[in-house]
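Trainee: What shape does this take:
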Amino acid sequence: MSERFYLDHAATTPISAAARDAYLQALASDYNPSSLHAEGRAAHALLDTARDRVASALGVPRKQIRFTGGGSESDSLAILGVAEARRDDRRRRILIGATEHHAVLHAARALGREGFEIVTLPVDREGRIDADAYRRELDERCLLVSIHLANNETGVLQPIPLLAAEAHAAGALFHTDAVQGARWLDCRLDVLGSDLLSISGHKFGAPKGVGVLALRSEIPLEPRIYGGGQEYGSRAGTENVPGIFAFAAALELAVERRAEAVRRVTALRSDFEEGARRSIAALHINGAGAERLPNISSFAIPGIESETLLMRLDLDGVAASAGSACTSGVFEPSHVIAAMGLESSLQRGVVRFSFAPESEERAVRAAGEILAAAVERLR
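Mentor: Residues are numbered from 1 along each chain as shown. Alright, predicted model coming up:
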C-alpha cells in the first residue's frame with residue numbers, strides 16, 4: 001500500500017500515547033463508580049482524579065464539570081438544559097451564530113418548536129459574527145447566547161470575551177462550543193467569560209465518546225438523560241471511567257504542549273497555504289482575513305466539485321474532508337460557507353485540510369503536491 005497522509009484532524013485525532021496508557025490503567029478498575037464496595041470506590045477515585053484534572057485545566061471547581069458522551073451532547077445539555085430549567089422565565093429568546101455546529105443549530109431548532117424565539121446572527125465574509133446585528137438583537141428578552149470559539153470548517157475565531165461581556169450586560173447567559181479550540185487556545189472559563197463551555201476529547205487525542213460541559217458557576221440544568229443522579233444530577237448513566245480518565249490525560253497534555261504546538265502548526269499551515277496559492281489558480285482560502293485556529297485550512301477551488309476532489313485525494317493517499325465530518329457524507333454546500341456569502345461557483349468546491357502537532361513537514365508538503373496535481377487533472 002502506498003504511503004498515506006492523514007490531514008483530517010479537525011474531524012478526529014488518533015488517540016495519543018498518554019491517553020491510551022491512561023485508558024489501560026483505568027481498565028484495571030473499570031467497575032461501577034457508584035458502588036459502595038472497594039472496587040466501586042477505586043473506580044470513583046479515578047473519576048474524582050480525572051474531574052480534578054479537567055477542572056484545573058478549565059479553571060473551575062470540580063463540582064462544575066459534567067462528563068458527557070461527546071461535544072454534541074455537551075452542546076445539547078447546555079442549550080436545552082438551560083432553557084428547560086428556566087422554562088417559566090420571561091426570557092424566551094436564544095441567540096446563535098449562523099455558522100455554528102449542527103449540534104447547536106439543531107438544539108436551538110428544537111427549542112423553537114417549543115415556543116422559544118431563536119435568532120440566528122449573520123456573519124461577515126470572513127465568518128465573524130456581525131457585531132452590530134448582535135447588539136441589536138441582544139436585549140432583556142434574551143435567555144442564552146451560544147457562539148462557538150472556533151469554527152469547525154474554517155477555523156475562524158470569534159471574540160468570545162467581548163461577546164460574553166455584552167451578553168452578561170443584557171442579563172443573558174453565554175455558552176461557547178469550544179470543541180475545535182480546546183487543543184489550541186486557553187479555554188479557562190474566566191479567561192473566555194463564558195458561563196458554559198463544551199469540549200470533546202477526540203479532538204485532542206482522547207477516545208471518542210467522552211465530552212465535558214464546564215460551568216463557570218452553579219447553573220441549573222434540566223437533564224437530557226434521566227435515571228440515576230450521576231454528574232451532580234445533570235446526566236444520568238454509569239460513567240465511562242476509562243474514557244474519562246484518558247480524556248483528562250489528553251487534555252492535560254494538550255495544555256502542557258499548547259504553546260509549542262501552536263507555533264509549529266501555524267508555520268506548517270502557512271507553508272501549506274502559500275504552496276497552494278502558488279500552484280492552484282484562483283484558489284480562495286476561506287476566512288483568510290480573520291483570526292483563525294493554526295491547524296485548519298479551508299480552500300474553495302473554482303471548477304472543482306468537492307466530492308470528486310476528495311475521492312481523487314483519497315485514491316492518491318491524502319485524507320481530507322469537505323468540512324464537518326458530521327455532515328460531509330452528504331455533499332451539499334456547507335451552511336458555514338453559504339453564510340459567509342461565498343459565490344455559488346465556489347461553494348461546491350470546498351475542501352478542508354487540518355493538522356496536528358504530530359503532522360510532519362514532509363507529509364504536509366507531499367499532500368500539497370498531491371492536491372495541486374489532483375486539481376490540475378480534474379480541471
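
Trainee: How about Gly81: what's its closest non-neighbour residue?
Mentor: With CB to CB, 6 or more residues apart in numbering as the measure, Leu221 is the residue that lies nearest to Gly81, at 3.5 Å, once sequence neighbours are left out. Every residue, glycine included, has its C-beta placed from N, CA and C.

Trainee: from memory that neighbour sits against Arg86, does it?
Mentor: No. Using CB atoms under 8 Å, Leu221 is not in contact with Arg86; the gap is 9.9 Å.

Trainee: Give me the more crowded residue out of these two.
Mentor: Each of Leu221 and Arg86 had its neighbours counted (other CB atoms under 10 Å), and the higher figure belongs to Leu221 (24 against 18).

Trainee: Need the phi and psi values for Leu313.
Mentor: Note on Leu313: its backbone torsions stand at phi -60, psi -40 [degrees, to the nearest 10].

Trainee: So Arg348 versus Leu27, what's the distance?
Mentor: For Arg348, the distance to Leu27 equals 46 Å [CB to CB, to the nearest Å].

Trainee: should've said Asp88
Mentor: For Asp88 relative to Leu27 (CB to CB), the value is 45 Å.

Trainee: if I pick Val262, what's in contact with it?
Mentor: With contact taken as CB atoms under 8 Å, 6 or more residues apart in numbering, Val262 is in contact with 184, 294.

Trainee: the strands in the stretch 101-250 of the chain, which residues?
Mentor: When secondary structure is read from DSSP state E, counting those that start in this stretch, the stretch 101-250 of the chain shows strands at 117-121, 142-146, 173-177, 196-200, 211-215.

Trainee: between Arg348 and Leu27, which one's more packed in?
Mentor: Arg348 (21 against 12).

Trainee: That one and Ala338 touch, don't they?
Mentor: No. With the criterion set as CB under 8 Å, Arg348 and Ala338 do not qualify as a contacting pair; they are 10.8 Å apart.

Trainee: next one: phi and psi at the residue nearest to Gly81?
Mentor: With angles defined as degrees, to the nearest 10, Leu221 shows backbone torsions of phi -130, psi 130.

Trainee: which other helices and strands contact the helix or strand of the chain at the bottom of the mean pLDDT ranking?
Mentor: Across the helices and strands of the chain, mean confidence by mean pLDDT, DSSP states H and E is lowest for helix 344-347: a mean of 88. Under the contact definition 3 or more CB pairs under 8 Å, 6 or more residues apart in numbering; DSSP states H and E, helix 344-347 sits against helix 335-339.

Trainee: list the helices and strands the helix it packs on packs on?
Mentor: Taking 3+ CB pairs under 8 Å, 6+ apart as the contact cut, helix 335-339 packs with helix 344-347.
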